[in-house]
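Participant: structure, please.
(one chain, ligands or ions: 3)
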Amino acid sequence: MHTLEIRDLVVALTETPDKPIVKGVSLTIKSGEVHAVMGPNGTGKSTLSKAVAGHPDYTITSGDVLLDGKSILEMEPDERARAGIFLAFQYPSEIPGVSIANFLRAALQARLGEGEDLDAVGYYKSLYAKMDMLKIDRKFTSRAVNEGFSGGEKKRCEILQMAMLEPSFALMDETDSGLDIDALKIVAEGVNQLRGPKLGVLLITHYQRLLNHIVPDHVHVMYDGRIVKSGDKTLALELEEKGYDWLKTETAAPA
Ligand code: ADP
Ligand code: MG
Ligand code: MG
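Facilitator: Residues are numbered from 1 along each chain as shown. Ligands and ions are numbered 1, 2, ... in the order given. Coordinates of the predicted model:
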């Protein structure tokens, strides 16, 4: 059982540290839980996930992120990955000439570190087992990473990476990619296959639609850099019905 705690996090662009984008977000995810973060465009959802990932464009000006009680803020992005945090964006968008199979193998080897060697036979066995589970065609792994991929294929590659790396926590930002319905289904089926008592998921999304397929345990609404409302899956339905505008009045500070 693991815990990822985001504690009162304030995040700004590194170049403008005095202008916070995320303005004090607290959120605790435990193994086995799926948390959805929703909210209108421009409220800081992607900034939150990038800051947790350690993206250099973003600076955490106060607050903390703790994995099992220990701060990860001093860790490099690859150390965070080795500690069990999976961040989709961290992986390169396109690597011409490098097959998915070799890329995933290198990623797993990197996680093992220098001393240990990845067993090739075991690797392929595990890769094919995961691909069968996710209903991915064998031919897929000989293609170069993301080269000429459709939105759906990129998502399939991401889900396969996640399946192979077996992280304790997955941070997924599904906001900006203009996913079509097929890609949404691939993400949903993949997450549903992988979800279980060992995995915690932070699923950032603009689309309520996605949550018809991935039923979250907890839903948080982000507005102007803050989580203004948390609830269960019914909150997502409420948002679909009412949109986000009602939050403006609801969250306005009393005079
Ligand atoms: P969301 O994911 O909720 O749509 P973002 O985190 O992408 O929101 O953006 C929040 C705000 O921060 C927006 O006003 C956006 O323009 C600004 N922002 C985020 N990242 C950058 C960046 N790299 N450069 C300039 N502005 C940024
Ligand atoms: Mg956006
Ligand atoms: Mg975003």
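Participant: any weak-confidence spans in the stretch 51-200 of the chain?
Facilitator: Within the stretch 51-200 of the chain, the stretches falling below the threshold (pLDDT under 70) are 89-93, 175-179.
Participant: now do the strands in it.
Facilitator: 58-67, 70-71, 85-87, 95-99, 144-145, 169-173, 200-204 (DSSP state E, counting those that start in this stretch).
Participant: could you dump these to CSV with mean neighbour count and distance to ligand 3?
Facilitator: (C-beta placed from N, C-alpha, C; glycine too.) Below are those laid out as CSV (neighbours: other C-beta atoms under 10 Å; distance: least, C-beta to the ion, whole Å):
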stretch, mean neighbour count, distance to ligand 3
strand 58-67, 17, 12
strand 70-71, 12, 25
strand 85-87, 24, 14
strand 95-99, 13, 24
strand 144-145, 19, 23
strand 169-173, 24, 6
strand 200-204, 24, 7
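Participant: now those as a markdown table including distance to residue 227?
Facilitator: As requested, the strands of the stretch 51-200 of the chain are exported to a markdown table (distance: least, C-beta to C-beta, whole Å):
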| stretch | distance to residue 227 |
| --- | --- |
| strand 58-67 | 13 |
| strand 70-71 | 20 |
| strand 85-87 | 20 |
| strand 95-99 | 36 |
| strand 144-145 | 34 |
| strand 169-173 | 15 |
| strand 200-204 | 12 |
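Participant: which of those sits closest to residue 14?
Facilitator: Closest approach to residue 14 among the strands of the stretch 51-200 of the chain is made by strand 58-67 (4.5 Å; C-beta to C-beta).
Participant: quick one: the helices in this structure, in order.
Facilitator: Ranges of helices within the chain are 45-53, 77-82, 100-112, 120-133, 151-165, 181-194, 210-213, 233-242, 245-251, based on DSSP state H.
Participant: what's the most buried one of those?
Facilitator: Highest mean neighbour count of the helices of the chain: helix 45-53, a mean of 24 (counted as mean count of other C-beta atoms under 10 Å).
Participant: which helices and strands sit right next to it?
Facilitator: strand 3-13, strand 20-30, strand 34-38, strand 58-67, strand 85-87, strand 169-173, strand 200-204 (3 or more C-beta pairs under 8 Å, 6 or more residues apart in numbering; DSSP states H and E).
Participant: now with 6 Å?
Facilitator: The elements that helix 45-53 packs onto, with contact taken as 3 or more C-beta pairs under 6 Å, 6 or more residues apart in numbering; DSSP states H and E, are strand 20-30, strand 58-67, strand 169-173.
Participant: can you list contacts of it?
Facilitator: With contacts defined as C-beta atoms under 6 Å, 6 or more residues apart in numbering, helix 45-53 is touched by 11, 21-22, 25, 37, 39, 58, 60, 65, 77, 87, 90, 171, 173, 175, 204, 222.
Participant: the residue of the chain found nearest ligand 3 and residue 88: what is the separation?
Facilitator: In the chain, the residue that lies nearest ligand 3 is residue 46 (3.1 Å; C-beta to the ion). Distance, residue 46 to residue 88, by C-beta to C-beta, to the nearest Å: 11 Å.
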